[in-house]
Structure formats: structure tokens, C-alpha cells
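*Asks:* predicted model and sequence follow; I will ask about them next.
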Amino acid sequence: MSIAVRFENIVKEFGTVRVLHGVSFELPRGGVYGLLGENGAGKSTLMKILSGYEQPTEGAVFVDGEARVFNNSRAAEAAGIVLIHQEFNLAEDLTIAQNIFLGHEKKRGWWLDDAAMRTETARVLAQVGLDKNPDMPVRHLIVAEKQLVEIAKALARNARLLIMDEPTASLTPGETEALFRLMGRLHEAGVTIVYISHKLDEVERTTNEVIVMRDGRFVTRRPTAELTRREMANLMVGRELSDLYPPKDPSPAPSSAGAMPRLKVVGMTVPGWAQDVGFEVMPGEILGFAGLVGAGRTELFEGLLGLRPHSVERIELDGHEIRIRNPREAVAQGLTYLSEDRKGKGLHVGFGLRENLTLMALEHYAKPWLRPGDEMRALQTAVKDFGIRTGSLDIRASSLSGGNQQKLALAKVLHPKPKVIVLDEPTRGVDVGAKRDIYFLIQRLAREGHGVIVVSSELMELVGLCHRVAVMRAGRLEAMVDAQHLTEEELISHATGTKN
Amino acid sequence: MNIKSIIFGVAASVVALGAPAAAFAQNKVNLGVAIPAATHSFTAGIVWWANAAKAELEKEHKDLKVTIKTAANAGEQANQLQDLVTANKINSLVIFPFESAALTKPVAQVKNKGVYVTVVDRGLTDPSAQDAYISGDNTAFGKVPAEYIAKALNGKGNIVAMRGIATTLDNERMDAFNSVMKDYPDIKLLDAKYANWNRDDAFKVMQDYLTRFKQIDAVWAADDDMAVGVLKAIEQAKRDDIKIVFGGAGSKGMIKTLIDGKDSRIQANVSYSPKFIYEAIKLTAEARLKGEALPATTIVPSVLITKDNAKDFYFPDSPF
Amino acid sequence: MVEGRLERARSFGSWLHGVGPVVGLALLCVAGTLLNSDFASLDNAMNVLTRTAFIGIIAVGMCFVIISGGIDLSVGSMAALIAGLVILLMNTMAGWMDQPILVVAIGMAFSVVLGAAFGLAHGLLITRGRIEPFIVTLGTLGIFRAYLTYFSNGGAITLDDSLSDVYSPVYYTSLAGVPIPVWVFLLVAIAGGVILNRTAFGRYVQAIGSNEQVARYAAVDVDKIKVLTYALLGACVGIATLLYVPRLGSSSPTTGLLWELEAIAAVIVGGTALKGGAGSIAGTVVGAILLSVISNILNLTSIISVYLNAAVQGFVIITVAFLQRRK
């Protein structure tokens, strides 16, 4: 039931811009292929061509030896090729069954055959191991469950070649494990899988073979077993990538040694999400927050910023008690927050770079009239300081790649010159090169004396970057792990509550 | 000659001719009145006069109860008819229908329940749905100003006209105006645009007429509200070629201007008073109290108002 | 390189997008002149601009509300009620004091204050009360007009003659050949443009309309800014009303009917997205002028049946919207 695919000299142009320069390679049947490349390497475009969302300007796609042109995703799905998008394509208010059959409804005469669709949905849900009622609206599902619904949808369409684009971007370790087990079962059942991810450890674990693309060209293919992660990263970037994380500075003296914390929070409760949480961060310290999805990390900090109803015993900044009722007061006191949801809460993607950069510190530019010249100079400085790669300064944020958008978002929350910054998933959806830039930037912030809080689901990142890591579980602060004990295993055991 | 005398004249004669023996002395009459809401000076006048009739008649007759409902559209009015029958238990109805066609069926249902129905102003499409019909005289409303203007201009000159909102009633007035003007080939009707019986729209339309036509002798504004806008536009343009501005319906402001002789362009008006709702309620109530019927059709004529008879049409307490 | 080319392609697109209404207006003016040479006269131009002033001033305020992602359906009724209350106040005051100029000045100030107060009430109901702006202003649309009808007994509220003589120059006088309402319109538009593009408030308005969550997370006081946009619109309605009152010296239940739709149409025809985020005051001004030019041309000619006037307006609006549609 598996299928094989061969790309022959695929060229793709958008207007005058060529994003694929004659890509040729083969995907033999039944394999699990890791497709690697930095953002903008052309992986996603190539996969969109394979799955019918885009058509090649030149060249051809051969499926089982036969040249095929898919004019739309339905045609590709009919041939058994299904792409699961990085951002889900689910209608939130429809039920699981309705989503799975959206556009492919089963009918009996003129009427929808709901019973048959429900039965089939139950079957594919069982296959992916999701124990939910087919009639449940998708909006009630958590992110990981939505991911499973997407895969179930592909199975319901008889997928024989499954393309997964960053499937674990918003999954917790446990959920990721479950996904890998499912991929193993699909592989055994003969489904060809293309796996696109920036997480090289996952690529290492799940795939048989790695295919690397760079700047719209095929670079190389190697059996996964022959490569180290380091080598993979070097192949993607095309140059020697020195160590991903900056060397750790020694931990600053703790408050128990008489030092003054930058930020001290006592007895913070966000109803439904966080219960009586307290912590402190020292000047120059990078404090991590680990936990499973739903552990209440993001909500804790949204509460701290006054974005959610909350109660707190005491907040101290540099020893002075402060009150924060809304993000405006937080900024005024010297506390800013970078949201995990870049497009939804972090950046105005439809705005220019300049307008995004200065939004949180606009009063510095309004005297009383805004001075676009001053703003432009600030942007030039920020582009240099934060390494934002862009051809022109006069573009919309949406034109930047994910990594550069994230750097812009960082520049934005740092623009009001805060004393403490909270960075929620600072490297989500960002390629290796940009990740490294961001890690070094975080270190620089700490060295400048900021208190830095990093919330992340990537345990590697927390281990590599932080001085201490707070682990949350079910809304409570489960443990505070210090530098000597900082390992991934330690963090997972606290996060899942399996620590003896 | 004023409205009252005409109505009473007609009514009295019909009652005298066709009256069934006035055997039932005083019947109990529960009268419903359904009229449009006060969204325009004219309809405001309707509401005011209906309330005036209620106050006066209920004081005079112990056996009479009047319930007034005002509606903002035809659908609402149809619902009110049902309420009047089921909740208020009326046995007589005076209705100023919002639209003829849309309300014919609802009114017919009311009549089928044994309610005596008097329709005012806008006739129903099926006359068998009503017992009596009392209306204003839209033909005269167009004819009277046409004749007046033609005479005042000595059968020669340029005129412009305003129209209200595209309705049968507006068409009747315009047709009557045109048919008179046919006999005066030297009078040129330059244009007739809709100004929605609205002061602001009339102001704009008149401004543009003044830009477009260098010589205008008379304006048929066709409504006193529109005449207000027309006069302001003429003042702004400082034009003195316009000798006559003829409004219509006899609002108290215009009648006052006429009585005081404040504006040389306002020399005449044509009556179309909202007071006919008062007459209709009074006639219906008094006839039903005696158990009598009204004539099938009563037309309240529109007559020329000049300085001589203006006092009879001046009601300073009415909003119109 | 690549980005530069993309940028150029897009800036051409946005240029075309920006000039759509201007092209539409220019074509209409050519058509108007061909149909009636008086169209191109200075007097006619001033007539059109003067009568655009009311809708135009309201549209400038509406532009802020729409960019912030809101809507106000009540402006027509609000103008009518403000006009009525201002006239009642001035008539009453004229009985107490013998200085008609002072009375008129107080009346004019009252008009703006009242408008801002109504707008403030809208803003508070929408932000504190968490009610959709569509519903709040649909409600007040009815409330304002009903109260005017009540105060006027359904008829007209008319300004006393003595006051009218003092007040009417505000509408009918010209400065340097340009009528006062046009000057006021110009000033309001310039102030609107400066506030939208050169103040923090204007930037916040755009940020909220573009993505309210992002703005909230970026420490923008979303509620306060929203309330201010409605108050600003209310003040604009007040300014429009203080120019309107001296024109006819009266307010009636038909005053300001459908102004809300004209003002919203002017904003949208001028290139602002109804969903908010971005927009332009200059476009709004052009949009407002375009709308009144259409009816002006129709009044100046007889080639199109009067029954089809509304259809012509509809066709032009759709055509201009097509010219400046977003890709």
C-alpha cells in the first residue's frame, strides 16, 4: 500500500523570485525521511508541490514511476498523499467527525450519512490512540489532541504518504512520545513518512534517512544512523556551527547570601491555572520554567502581567513592593513579557518593523508628535543589535522569516528597557541558526544585569541555558532545580510527578 | 368653506338618506385607532390629532373607549391589529394604513371578526375589506398648486418641482400637476427630483437646481418641510428670479408665514391637514354610538389656502 | 535583492490601492463636466464641499472608530438629538439673557461637549460593559432619535429668529471665498490626519484594530484608547451639528437620517478596511466628497431616470471599492 515518489528538476518561482532551483531526489517506498533545512530552504514549498497546494514552474513529480500533476490537495489526497500543516487546518466549532470528513462528506443520496462518518471516525481515532467522542467540538481539544485529529484525518483519507511539518512544535515530551509510537505503527503498516522538524534529536530518533536542502537546492542525503546532530546542523547551515549554547556564566549569589533579587513573587494564584506560586530571580540570572502543556506556566505569567484575574501576596522589584494591574503598569515598573503566541499576541504581522519595535515605548517618540526619523534610527540600531536579517527596513513584519520575526519580537519587548523580562517559548518555530543567535542574546541580557525568565517546552534548551529551572505541575511549583542537578531526566521526572 | 363643514355636510346627508332606524340608543363602542408613528412632521400631526380626538370624545361619551396604536412599519401595524382585536377587544377600527397592499389582508381579518372598519388616507387594494373610506384629496393636492402657479405666471415661465418618496400618493400628485400644466405649453417644467419630504434633501436638490438653471420663476416644493429647505437654498444663492415657492399640506409654520405676509414668495398653500384623522375618529365614533354606518367614501378635499382663509387652517398647538 | 523587488512590487500595488478613490473622483468630475458645464463652476464646487462637510467631519471621527475595529451606527440620530437639544438650550437661554452672540457661542460649545459625552457613554458601554459596538450603537440609534421625536412632539424644533440671524453666518459666510463649513472640514481632516499618523494615540488605534491581543500584550491601554475613539467621534458629530444647525435652524425626526451609512461608506470607499487595522484620513475625505459628487451630478442632469438615482450611487460605490480592493 506504500508509494514511492521522485522529484525531477523541480523549479518554483513566485513572480520573479525563484525559491526552488531544480530539485531532484527520490523517496523510495516505505521509508521515514527527515527533511532538513533552515527556514527559507524550500522544504515547505517542495512539500506543498507534492501535496497539490502549489504547482511547479518547471519539472515533474513522479508517483510510483508515473508523472503526476496535482492541481489541488484533493487530487494529491486521491493519490494517497496528505500534508499535515504546521498550523492546523481544523474548524474549531465543528465536531471531530465533521472535521475529519470536511470536504469529503459521506452521503446517502442527498443526505449526509452521519452514522457512517461517526463509525469511521471512531475507527481512525482508535488507530491514533485518541479516546474522544467523534461528536465533540474540536475547540474543546488541547493542542496535542488536535494534532492527533489531523493525523486521523489523514488516515481517514487513506494516506499512503504522510508529510508532517513540525508536528511536535507545541507538544509536551509525553505527547511527543505518543506521537512517535504512532509514527512507528504507521511505518510498520507501510506508510511512507516525510518528517520536517527543527528538533534534530527527534529527527535522529524517528527517521531512517535524512535529506538536506539549502537555499532552494538539494544538498545531500545520508542514512540517519551515520550522522550526529552536530553534523546535521552543520549540513543545514552549510558552515561549521560552533556549540549551540553560549558557555554558562557562574550563578549569581542567591538571596540567602544577602543579595537583593531583581524580582520576587510571593503567593501568586491564577484561578484554574496556578496555585500559590512563589519565586525570585537575581540580577544576571537566567531562570527557567519547565512543565507540561497545561501546567500553568504561561497562565502564571499572564496573571503576573495582569492579563488574567489573579491574586498575589507580594511582588517586589529591587526590594520595593509594587502592584501590577495591567501590562501598562508592568512596563512602567520595568517588567515585560514576550508571548509564546507570536502571531496572535506578540507581533502585529501586518505592521511595519518600525511600528512593531516602538509600540511598547511609544511615549519616548511622541513629544507630542511622533518622530518617524527617531523611530527609524532606533530600528536601524535594533536590526544591528539583534541580528535581524532583512533586505529592506520598510517592509511588514509578515515578510520576515520566523526566526527574524522572533528577534524583532525580542527587540520589541526589550525596547522599553525593562529590568526583568519573561520570554515564553523564545525559540518556537525558529531554525537552528536563529536559535543560536537568540541563546547568545539571552546570555547578553543576563550579563547586562537583567533578570531573565525563560519559559520553554524544550528541556534541552532549559538545561543548556539556565542557571536554575522551576518546574511546574498542575498549577503548583513542583521543584526548583539548581545548576548542579540540571538534567533533562530530572526535569521530566518533576514535570510528570514521577520523582520519588 | 372649511374641511369640517364639507365633511359634516357629506356625512349628514348620507346618514340622513341611508340611516337604518336609530333604534339602538347608545351602543358601547370600543374604538381602536392604528396610525403611523411620529417620524415626520405630517405623521406627528396625525398622532397629535388622534390624541386630541380621543381626549375630546372620551370626555363627551361615557360609552366610548379609544385605544391608539402607532407603528413604525407595516409589519408592526399588522401585529397591532391583532392585539387590538384579541387584547383590547375593539368593535370599531380607524386605520391609517402604512401600506395599502400589505395591510389589506390583516384589515380584512379584523373586519371578518365583526369589527366596523374605517380606512383613512391610503385605500386598501380590496375595498370590501373596509366599511368606510375617508381620504385626503391627492389629485387636488397636485392640481391646486398647478392652477395657482399657471395663473400667477400668466401661463408663461420656468418651474421646477420636488417630489417626495416614490409612492402611489406621490405619483397621483405629480400626475395631477402635469395634467394641468399640459394646458399651458409656455410653462416649462425643468425637472422634478425626489427630495424625500425632507428639509435637508430639498436644500441640496434646490442648490443644484439653482446651479443648473439660470432662470426659475416658480418652485413647486410639494410639501411644507421641503419648502423650508428650498427657501434656505434660494437665500444662500441670493437669487431673486424666483417669484413663487408653493409648499403643500399647510403646516403651522407656513400658514403663519402666509398670515403674517413675511415672505413674498409664499402666497398660497394647499390644505392636506393631518386633522382628517380627527374627523375620521369623530365620525366613526359618533356613528357607531348611534349604531349607524358611514358613507362608503368620504373625500376631504384639498383646497387652496390664501391669506384670506389662512386663519381657518392655523392650529398653533399642533406640531404640524 | 529579492526582498527589494518584492517590496517594489508591493509598494506599486499599495500605491494603486491608495489612489483608487482619487481616480474614481477624477473620473466622476470629468463625467460631471461633460454632462453639465456648470458642474465645474466654483459655486457648484463650494456647494458640494459645504454639504459634504457634515458627513465628512463625522467620517473623520468614524475613521478612527473603524480603524480601531469598532463601529458606530448612531451618528445620524446623535446629530439630530444634539441639534434639537442645542436649539432648545439656546431658545431657553435667549429668554434669560440679552446677548445672542454669547448664547450662540454657548450653544456651539454645548454641541461639542454633548457629542463627546454621548461618545464617552458608547465607549464605556462597549469596554466596561463588554457589549458589541454594533449592538450598543444600534440601541442608541433608536434611543437618540426617539428622544428627539419626543422633545419635538414629532414635529420640528426651530431656532428663534433673533438667534437664527446671529447664528446663520456660521454656515452661510465665506472666508477668502471658501465657506466656513469647508474651512472647518479642512481643519478637522488635517487634525485627524496628524492625530492618526503622528501621535501615540493614533498608533495605538491602528495597533488595536490590527490585533487587539497583540496590543494588549504590548501594554497598550486598550480600553482607554477605545473609549477615546468613540469620544472623538462624538466630538466630531458635535462639530458637524454646530455647523448644521445654522443651515435650516431646525431639527426634526428626519434630520440626519442615514448619515451613519454615508459616513461609514465614505470611510470604506476611502480605503479603510471595515475589519479595522489600517486606514487613511485623506482617503476618507476623498470618499466623502465622492459620495456627494455622485448625487450632485445626478441633480444637475436629467439623462438618468430619477427612479434609478440610488442604483447609480450603488454602481459607483462598488466600482470604486473594486478599484481599491485589497489583494
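*Replies:* Noted; the coordinates are in hand.

*Asks:* which SS class is the residue in the stretch 151-300 of chain C that chain B sits nearest to?
*Replies:* Among all residues of the stretch 151-300 of chain C, C:Gly154 sits closest to chain B, at 2.4 Å; criterion: CB to the nearest CB. Yep, even glycine has a C-beta here, placed from its N, CA and C like the rest. Here C:Gly154 is coil, with the state taken from DSSP: H, G, I helix; E, B strand; the rest coil.

*Asks:* so who does it touch?
*Replies:* Taking CB atoms under 8 Å, 6 or more residues apart in numbering or on different chains, we find C:Gly154 in contact with B:Ala38, B:Thr39, B:His40, B:Ser41, B:Thr43, B:Ala44, B:Gly45, B:Val47, B:Trp48, B:Pro319, C:Pro253.

*Asks:* any low-confidence regions in the stretch 1-150 of chain B?
*Replies:* For the stretch 1-150 of chain B, the stretches flagged by pLDDT under 70 are B:1-26.

*Asks:* can you show me the strands along it?
*Replies:* B:29-36, B:64-71, B:92-95, B:116-120, B:132-136 (DSSP state E, counting those that start in this stretch).

*Asks:* let me have these in a markdown table, extended by mean neighbour count.
*Replies:* Formatted as a markdown table, the strands of the stretch 1-150 of chain B follow (neighbours: other CB atoms under 10 Å in any protein chain shown):
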| stretch | mean neighbour count |
| --- | --- |
| strand B:29-36 | 25 |
| strand B:64-71 | 20 |
| strand B:92-95 | 26 |
| strand B:116-120 | 24 |
| strand B:132-136 | 22 |
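
*Asks:* mind putting those into CSV with distance to chain C?
*Replies:* Formatted as CSV, those follow (distance: least, CB to the nearest CB, whole Å):
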stretch, distance to chain C
strand B:29-36, 10
strand B:64-71, 10
strand B:92-95, 19
strand B:116-120, 17
strand B:132-136, 18
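
*Asks:* what comes into contact with the lowest-mean-pLDDT helix or strand in chain A?
*Replies:* Lowest mean confidence among the helices and strands of chain A (mean pLDDT, DSSP states H and E): helix A:229-237, at a mean of 80. Outside helix A:229-237, the residues that touch it by CB under 8 Å, 6+ apart are A:36-38, A:41, A:200-201, A:203-204, A:210, A:212, A:214, A:219-220, A:227, A:240-241, A:244, A:431-433.

*Asks:* next: stretch A:294-309.
*Replies:* Here stretch A:294-309 has contacts from A:142, A:265, A:268-274, A:277, A:289-291, A:310, A:312, A:315, A:324-327, A:329-330, A:335, A:337, A:340, A:422, A:424, A:453, A:455, A:472-475, A:495, C:216-217, using CB under 8 Å, 6+ apart.

*Asks:* can you show me the CA trace of it as CSV?
*Replies:* Extracted in CSV, the C-alpha atoms of stretch A:294-309 (Å, rounded to 0.1, in the frame of the first residue of the first chain):
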residue,chain,number,x,y,z
GLY,A,294,-1.4,22.8,30.8
ALA,A,295,0.9,23.0,33.8
GLY,A,296,0.0,26.7,34.1
ARG,A,297,3.4,28.4,33.2
THR,A,298,2.1,30.7,30.5
GLU,A,299,-1.0,31.5,32.6
LEU,A,300,1.1,32.2,35.7
PHE,A,301,3.0,35.0,33.8
GLU,A,302,-0.1,36.3,32.1
GLY,A,303,-1.6,36.6,35.6
LEU,A,304,1.5,38.4,36.8
LEU,A,305,1.2,40.9,34.0
GLY,A,306,-2.5,41.5,34.9
LEU,A,307,-3.8,39.8,31.7
ARG,A,308,-5.7,37.3,33.8
PRO,A,309,-7.6,37.6,37.0
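
*Asks:* cool, thanks, signing off.
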